[in-house]
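*Asks:* For reference, the sequence and a predicted model appear below.
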Amino acid sequence: MADIGHEVVGIDIDQEKVDSLSAGNAPFFEPGLSTLLRRNVSSGRLSFSTDSSAIRGAQVHFIGVGTPQSSNGAADLTYVDKAVEQMLPHLGACESGAEIVAGKSTVPVGTASRLSQRIAATGATLVWNPEFLREGFAVKDTLEPDRLVYGLPDDPRDAQEAQDVLDAVYAPVMSSGTPRLCMDYATAELVKTAANAFLATKISFINAMARICDTVKADVTDLADAIGMDERIGHRFLRAGIGFGGGCLPKDIRAFQARADQLGEGETLAFLAEVDRINDWMRASVIDTAAELLGDDLPTSRIAILGATFKPDSDDMRNSPALEIATDLARRAGSVVVTDPQAAPILAVNDDLPYEVTTEAQDALADADLAILGTEWHEYTQLDPHRAARLMRHARVIDGRNALDPQAWKAAGFTYIGIGRR
Ligand SMILES: NC(=O)C1=CN([C@@H]2O[C@H](COP(=O)(O)OP(=O)(O)OC[C@H]3O[C@@H](n4cnc5c(N)ncnc54)[C@H](O)[C@@H]3O)[C@@H](O)[C@H]2O)C=CC1
Ligand SMILES: O=C(O)[C@H]1O[C@H](OP(=O)(O)OP(=O)(O)OC[C@H]2O[C@@H](n3ccc(=O)[nH]c3=O)[C@H](O)[C@@H]2O)[C@H](O)[C@@H](O)[C@@H]1O
């Protein structure tokens, strides 16, 4: 971003977001983003607008609008379709060479082919260029991605022109050796959904192993370390816990199943329903464990939930496992208090929550009968268990992310329960 010599205008229909971005303030928490944003806004190379005519004359138009889950599980393409309709009157005005529209949103296979026909008359060419960044690592993943994927049109001349334009955009990224893979539209769309389906499957696989470990009193963290040493398996995404959440993996595996159903391939992807079920089950089992641990005292007990976001280094609470657990337990326990370094101030503006909210872990732990680690923020994994024990009424902890040191917490007098952990 900072070192790429292009002029960029970002369009959003949300005036508040545009105002905030124009002032150099990211409307969400993402490490390292604000510095880059301010530098580029103040140099005049980056601006924001709600006016779609601001795209007129640009050579590359990226589409990154939301593709949320609709009520039947399928991806809702309303925003993508609307964005394209808003672009149409302004396409075809580029004077500096081939003009391209590059889709980055995660879409069901077949969408790019349909959209390419929609824009064909403007003379612009569509490319599908899926996005693989992780929240919390957005800057790093953008500047140093594992790979770039271009889904190109069938016409070889259009494909070559579009590839050259995108190569110029990504030149600084490619110069550090990032592989760039060219393929057809359908394959590029599938690369994205297959990647997220695989990641979700890996998490549910290790969570299923954690359940087996619980039953036979084995340890899933040792198991994951050992199987991960096989390079064919690898260590990453083998952290057992309360499962995956966020604005992407859950909706993307459902959208993939819905698309497979439409294609008559529902049975082929039936295993993704199991992946989803295991994921839900992890949340439910922590709720059951808390209820069992507190027994008859549950209705008078105070529970501290450490973390509200779906992962650390983000303020995103979409489909957050920690918050779902908090909301459910708030209905049954005496009181629940949620703490989160980034999300607490966002939650606190709502005075209709079933739980209390605080930014300070020590306030959450004070007089609690049970603490549940829901998000492995550094400040929680580094907590001193002796201090936590002094603050709490009863020293009990459920480590929903297997991120605490069981020996240290047990030594401080805690009843420690991990996920598939001894
Ligand atoms: N969040 C992530 O880390 C990643 C997201 N994706 C995909 O990228 C897409 C966007 O995801 P998020 O950023 O999480 O969604 P989001 O819902 O947080 O943001 C979408 C933005 O698009 C704006 N918008 C809606 N209609 C518009 C229009 N017609 N013109 C201009 N702006 C419009 C909205 O106001 C909103 O600010 C989704 O398809 C998602 O699956 C892909 C990789 C990573
Ligand atoms: O399509 C997307 O939007 C993005 O979705 C995920 O990125 P993200 O949702 O930001 O977060 P992840 O790091 O994948 O974590 C997702 C969830 O899985 C959980 N997780 C992750 C890893 C693990 O071992 N165990 C585990 O439970 C995390 O706590 C989190 O709730 C993918 O990792 C990105 O590559 C992709 O671009």
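*Replies:* Looks like it came in fine. Ligands and ions are numbered 1, 2, ... in the order given.
*Asks:* list the contacts for the residue nearest to the spatial centre of the chain?
*Replies:* By Cα atoms, centre = their mean, the mean C-alpha position of the chain lies nearest to G246, the distance being 4.5 Å. G246 makes contact with 135, 310-311, 316, 318-320 under the criterion Cβ atoms under 8 Å, 6 or more residues apart in numbering. For the C-beta atoms, the positions are set from N, CA and C on the backbone; glycine is no exception.
*Asks:* Please list the residues of the stretch 251-400 of the chain that sit near ligand 2.
*Replies:* 310-311 (Cβ under 6 Å from any ligand atom).
*Asks:* And the residue of the stretch 251-400 of the chain closest to ligand 1?
*Replies:* Using Cβ to the nearest ligand atom, the single residue of the stretch 251-400 of the chain nearest to ligand 1 is D252, 6.4 Å away.
*Asks:* can you tell if the longest helix that the chain contains touches ligand 1?
*Replies:* Longest helix of the chain, by residue count under DSSP state H: helix 185-216. No - Helix 185-216 lies out of reach of ligand 1 by Cβ under 6 Å from any ligand atom, never closer than 7.4 Å.
*Asks:* Which elements pack onto that helix?
*Replies:* helix 111-119, strand 125-128, strand 148-152, helix 220-228, helix 249-262, helix 271-294 (3 or more Cβ pairs under 8 Å, 6 or more residues apart in numbering; DSSP states H and E).
*Asks:* Show me what counts as buried in stretch 225-238.
*Replies:* Residues of stretch 225-238 classed as buried by neighbour count (16 or more other Cβ atoms under 10 Å): 227, 237-238.
*Asks:* Endpoint to endpoint, that stretch covers what distance?
*Replies:* Distance between the two ends of stretch 225-238: 8 Å, counting by Cα to Cα, to the nearest Å.
*Asks:* I'd like the average pLDDT over that stretch.
*Replies:* The predicted model assigns stretch 225-238 a mean pLDDT of 98.
*Asks:* Do a quick rundown of the strands in this protein.
*Replies:* 8-11, 46-49, 60-63, 100-103, 125-128, 148-152, 180-184, 302-306, 335-339, 356-358, 370-373, 396-399, 415-417 (DSSP state E).
*Asks:* neighbouring contacts of the last one?
*Replies:* Looking back up the chat, that one is strand 415-417. Contacts for strand 415-417 (Cβ under 8 Å, 6+ apart): 289, 293, 395-399, 404, 406, 409-410.
*Asks:* By neighbours, which of these wins?
*Replies:* When neighbours are taken as other Cβ atoms under 10 Å, the top entry among the contacts of strand 415-417 is V397 (29 neighbours).
*Asks:* Give the bridge partners for the closest residue to that one other than its chain neighbours, please.
*Replies:* Spatial nearest neighbour of V397, chain neighbours left out: A371 (4.8 Å); criterion: Cβ to Cβ, 6 or more residues apart in numbering. A371 forms beta bridges with A304, V397, as assigned by DSSP bridges.
*Asks:* Which residues lie in contact with A371 in this structure?
*Replies:* 303-306, 364-365, 388, 392, 396-398.
*Asks:* Dump the residues you listed to a markdown table, plus pLDDT.
*Replies:* As requested, the contacts of A371 are exported to a markdown table (pLDDT from 0 to 100):
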| residue | pLDDT |
| --- | --- |
| I303 | 98 |
| A304 | 98 |
| I305 | 98 |
| L306 | 98 |
| A364 | 98 |
| L365 | 98 |
| A388 | 98 |
| M392 | 98 |
| R396 | 98 |
| V397 | 98 |
| I398 | 98 |
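*Asks:* so what's the closest residue to P68 other than its chain neighbours up against?
*Replies:* In space, and not counting its chain neighbours, P68 is closest to D76: 5.1 Å by Cβ to Cβ, 6+ apart. Taking Cβ under 8 Å, 6+ apart, we find D76 in contact with 67-70.
*Asks:* Next one: D76 from F62, what distance?
*Replies:* 20 Å (Cβ to Cβ, to the nearest Å).
*Asks:* What of A210?
*Replies:* From A210 across to F62, the span is 39 Å (Cβ to Cβ).
*Asks:* Could you check which of the two is surrounded by more residues?
*Replies:* A210 (27 against 18).
*Asks:* is it true that that one touches G400?
*Replies:* No - here A210 does not reach G400: they are 11.2 Å apart, not a contact under Cβ atoms under 8 Å.
*Asks:* residues bridging contact with these two, i.e. touching both?
*Replies:* I419.
*Asks:* Would you map out the domains in the chain?
*Replies:* 2-192, 201-421 (the TED database).
*Asks:* low-scoring stretches of the stretch 151-300 of the chain, by residue?
*Replies:* Along the stretch 151-300 of the chain, no part satisfies pLDDT under 70.
*Asks:* Distance of the residue of it found nearest ligand 1 relative to F237?
*Replies:* The stretch 151-300 of the chain approaches ligand 1 most closely through G247 (4.4 Å), counting by Cβ to the nearest ligand atom. In this view, G247 and F237 are 18 Å apart by Cβ to Cβ.
*Asks:* Contacts only, for the closest residue to G92 other than its chain neighbours.
*Replies:* In this structure, G92 finds its nearest non-sequential neighbour in T122, 4.2 Å apart by Cβ to Cβ, 6+ apart. By Cβ under 8 Å, 6+ apart, the contact list for T122 reads 88, 91-92, 99.
*Asks:* thinking again about what came up before, please identify the most buried of the domains of the chain.
*Replies:* Among the domains of the chain, domain 201-421 has the highest mean neighbour count (mean count of other Cβ atoms under 10 Å), at a mean of 19.
*Asks:* Ligand 1 contacts on this protein?
*Replies:* Within the chain, the positions lying close to ligand 1 (Cβ under 6 Å from any ligand atom) are 11-14, 17, 64-67, 79, 82-83, 86, 105-106, 131, 133, 135, 247-248.
*Asks:* again, 8 Å this time
*Replies:* Proximity of the chain to ligand 1, by Cβ under 8 Å from any ligand atom, involves residues 11-14, 17, 27-28, 50, 52, 64-68, 75, 79-80, 82-83, 86, 104-107, 130-135, 138, 192, 246-248, 251-252, 316, 318.
*Asks:* Which of those fall in helices?
*Replies:* Short answer: those in helices (DSSP H) are 17, 79-80, 82-83, 86, 138, 192, 251-252.
*Asks:* Stretch 191-199 close to ligand 2?
*Replies:* Yes - applying Cβ under 8 Å from any ligand atom, one finds stretch 191-199 touching ligand 2 at 192, 195-196, 199.
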